[in-house]
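>>> Next comes the sequence, and after it the predicted model I'd like to discuss.
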Amino acid sequence: MSEGIRPICMPKWGLSMKEGKVAGWLVGEGDSLTPGDEVIDIETEKISSAVEAADAGVLRRCVAQEGDVLPVGGLLGIVADESVADADIDAFVTDFQANFVPPEDDDEDSGPATETVEIDGRQIRYLTRGEGGTPVILIHGFGGDLNNWCSTTRRSPRRGRSTPSTCRGTAAPARMRATARSASSPESSPASPMPLGIEKAHLVGHSMGGAIALAMARSAPARVASITLIGSAGLGSEIDGDYLEGFISAERRKGLKPHVEKLFSDPALVTRQLINDLLAFKRIDGVTAALGTIRDAFAPGGAQAEVMRDVAGSVPTLVLWGAGDQIIPASHAEGLPDGVDCTVLDGQGHMVQMEAATEVNRLIDKHVG
């Protein structure tokens, strides 16, 4: 790389992402950037979000323009020091475009590959990013998968943290105590990069994943460095039982879409591809029955089975919520034990970690240190 020139490239958000569309630049050429600044909006089949600046400098060149569709790794723009000559930037862009080859599906640089581990006789699929440091374990919610964290795992692990994330449906039948017990069991394979074999970790749980994180903090507090609870279950009994039932029973797009739209503050984020992916998942043999088993154990009769408010604060705890959450009310964030750090984000829904990724990621980074 030419000295002082840093490319901004099309990121890979989620395992299936192959390309993204430029929705618009959020800064202009000549603007100064600091790490974490939102630079450009990108749309994919599953989510729209902003690419953040990884380096400090000046945005010297907007290479891609609004409406352009680029493969993962394609050149979006150039950040460079003011001292870098325009001719050097021109040469860099020309060389990049002449030599860039989009990664194939099996290329190592196309993203971290998923792996599997067996816990209590169940196969858990996960991915890992980073090396060293105290791991951060991301736990998705009911009917979710590791792509629910695509706006979280996309960030560079600046402190070398590992970020394993369990995948869609694989925690079934998901008795929360059993999941917590197996995940924190000291009888683990030393070769496994999942919770098994990890001495201590930060836990980040969304929705039902938050209840699992609470259960882990209760059963093995010495192994939990902190918990971050996002739109979390386990802090009150209320939950939208109609959503759970509708998600399980819907068999076609028309039936599923209105339930999935409840997850987001912006229904436009519920794309055709997202619904198609969910339907394909639900049509796998055994999935509907597994989801029903989870629902019956987690929220029988349309109410959460277990409230663990007393656990919040027993380890360093951050609670994040979308004020407009239609699945689990943000009122559950009120009156928590002393010492719990709580932020309710206006204008956000249940999938706040995707819709307000920049702010949520900033708060998580600050919490886990």
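Okay, I see it. Numbers count the residues shown, from 1 in each chain.
>>> From now on I want contacts and neighbour counts done on CA atoms only, so please keep to that.
Fine.
>>> Put the alpha carbons of stretch 354-366 into CSV.
Extracted C-alpha coordinates of stretch 354-366, given in CSV (Å, rounded to 0.1, in the frame of the first residue of the first chain):
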residue,chain,number,x,y,z
MET,A,354,-28.7,-3.7,13.3
GLU,A,355,-30.6,-0.4,12.8
ALA,A,356,-28.5,1.7,15.2
ALA,A,357,-25.3,-0.3,14.8
THR,A,358,-22.9,2.6,15.2
GLU,A,359,-24.2,3.7,18.5
VAL,A,360,-24.8,0.2,19.8
ASN,A,361,-21.2,-0.8,18.8
ARG,A,362,-19.8,2.2,20.5
LEU,A,363,-21.6,1.5,23.7
ILE,A,364,-20.5,-2.2,23.6
ASP,A,365,-16.9,-1.2,22.9
LYS,A,366,-17.0,1.2,25.9
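>>> ok, how many other residues are close to Gln273?
By the criterion of other Cα atoms under 10 Å, Gln273 has 12 neighbours.
>>> give me the element it is part of.
Here Gln273, judged by DSSP states H and E, is contained in helix 272-282.
>>> mind listing what's buried in that helix?
The neighbour-count check on helix 272-282 (16 or more other Cα atoms under 10 Å) flags 274-275, 278-279, 282 as buried.
>>> after it comes which helix or strand?
helix 287-298.
>>> so that next one versus helix 272-282, what angle?
Angle of helix 287-298 versus helix 272-282, following axes from the mean of the first three to the mean of the last three Cα atoms, to 10 degrees, is 90 degrees.
>>> State the mean pLDDT of helix 287-298.
Averaged across helix 287-298, pLDDT comes to 90.
>>> One more: stretch 255-271?
Here the average pLDDT along stretch 255-271 is 91.
>>> For it, C-alpha coordinates in CSV please.
The C-alpha coordinates for stretch 255-271 follow below in CSV (Å, rounded to 0.1, in the frame of the first residue of the first chain):
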residue,chain,number,x,y,z
GLY,A,255,-48.2,-14.5,6.5
LEU,A,256,-44.7,-14.1,7.7
LYS,A,257,-43.9,-10.5,6.6
PRO,A,258,-46.1,-8.6,9.0
HIS,A,259,-44.6,-10.5,12.0
VAL,A,260,-41.1,-9.9,10.9
GLU,A,261,-41.8,-6.2,10.3
LYS,A,262,-42.5,-5.9,14.1
LEU,A,263,-38.8,-6.4,14.7
PHE,A,264,-37.7,-3.2,12.9
SER,A,265,-38.5,0.5,13.3
ASP,A,266,-38.2,0.8,9.5
PRO,A,267,-40.4,-1.9,7.8
ALA,A,268,-38.5,-1.2,4.6
LEU,A,269,-35.6,-3.2,6.0
VAL,A,270,-37.7,-6.3,5.7
THR,A,271,-36.7,-7.2,2.2
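>>> Now do the buried residues in that stretch.
256-257, 259-265, 269-271.
>>> Show me what the helix holding Gln273 packs onto, helices and strands only.
helix 253-261 (3 or more Cα pairs under 8 Å, 6 or more residues apart in numbering; DSSP states H and E).
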